[in-house]
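> I need the structure of the sequence given here:
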Amino acid sequence: MESDSRNVRLVKADLKNFDALIDLAPDEEGKNFVASNVYSLAEAYANVMSGRYAQPFGIYDGDTPVGFLMIGYDIVDEGDDPVKCPYIRNSYLIWRFMVDEKYLHQGYGKAAMKLILDFIRTFPAGPAEYCWITYEPENERARNLYRSFGFIEEPELPEGWDEIPALLKL
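Predicted structure coming up:
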């Protein structure tokens, strides 16, 4: 998948690029807000092996990896209450989203968000009404990016959650 305005594209994680994706890292501030890419790749693998949909991607500028993101579909974890959080059922989750510290503030986050939302709107794992994402309350950089794409914060944190869920109607 490629962006029209830049040479930004999303590349599915595979044996050819997973080492490069593992080497990407957020800046000091970002380290407080996102899991490591190695953990995310392991989590994707465990979910796929459990019959769930998880798809990690590298964010690339041409042939250079500049970031990482991961999506899931119908991700309901033990303890999640689909009655109180109906958006977690049959919906897409942008599970991870990070740009390497060397490539921040260059437009890669916005370009990648547009690409992943375009991909999600093809409904690769099934139909959905919503896409959702969570972030730490103090992560203003993430909040501003997601708001710029139309994500709306849920007014209440679900019980046991420490991250803010935000929803986008697809």
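> give the buried residues for the helix or strand containing Arg143.
Element membership for Arg143 (DSSP states H and E) is helix 140-148. By 16 or more other Cβ atoms under 10 Å, the buried positions in helix 140-148 come out as Arg141, Ala142, Arg143, Leu145, Tyr146. The way it works is simple: take the backbone N, C-alpha and C, and place the C-beta from them, glycine included.
> beyond the helix or strand of the chain with the lowest mean pLDDT, next helix or strand please.
Using mean pLDDT, DSSP states H and E, helix 28-31 stands out as the lowest-scoring helix or strand of the chain, at a mean of 71. Toward the C-terminus, helix 28-31 is succeeded by helix 37-49 as the next helix or strand (DSSP H and E).
> which regions of the chain sit below the pLDDT cut-off?
Along the chain, the parts satisfying pLDDT under 70 run over 1-6, 30, 78-84.
> one step back: helices and strands around the helix holding Arg143, which ones?
helix 108-120, strand 130-135, strand 164-169 (3 or more Cβ pairs under 8 Å, 6 or more residues apart in numbering; DSSP states H and E).
> now mean neighbour count too, for those, in CSV please.
Formatted as CSV, these follow (neighbours: other Cβ atoms under 10 Å):
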stretch, mean neighbour count
helix 108-120, 20
strand 130-135, 21
strand 164-169, 18
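> can you redo the ones you listed as CSV with distance to Met49?
Below are the helices and strands packed on helix 140-148 laid out as CSV (distance: least, Cβ to Cβ, whole Å):
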stretch, distance to Met49
helix 108-120, 22
strand 130-135, 23
strand 164-169, 26
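> among the ones you listed, which is nearest Phe151?
Taking Cβ to Cβ, strand 164-169 is the member of those nearest to Phe151, at 3.9 Å.
> output that closest one as CSV, nothing but the C-alphas.
The C-alpha trace of strand 164-169 is given here as CSV (Å, rounded to 0.1, in the frame of the first residue of the first chain):
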residue,chain,number,x,y,z
ILE,A,164,-8.3,6.1,26.7
PRO,A,165,-10.3,4.4,23.9
ALA,A,166,-11.1,6.5,20.9
LEU,A,167,-13.5,5.4,18.1
LEU,A,168,-13.8,6.1,14.4
LYS,A,169,-17.0,5.2,12.5
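> against which helices or strands is it packed?
Using 3+ Cβ pairs under 8 Å, 6+ apart as the contact test, the elements touching strand 164-169 are strand 130-135, helix 140-148, strand 152-153.
> who touches the longest one?
Outside helix 140-148, the residues that touch it by Cβ atoms under 8 Å, 6 or more residues apart in numbering are 29-30, 33, 97, 109-110, 113, 133, 135-136, 153, 164, 166.
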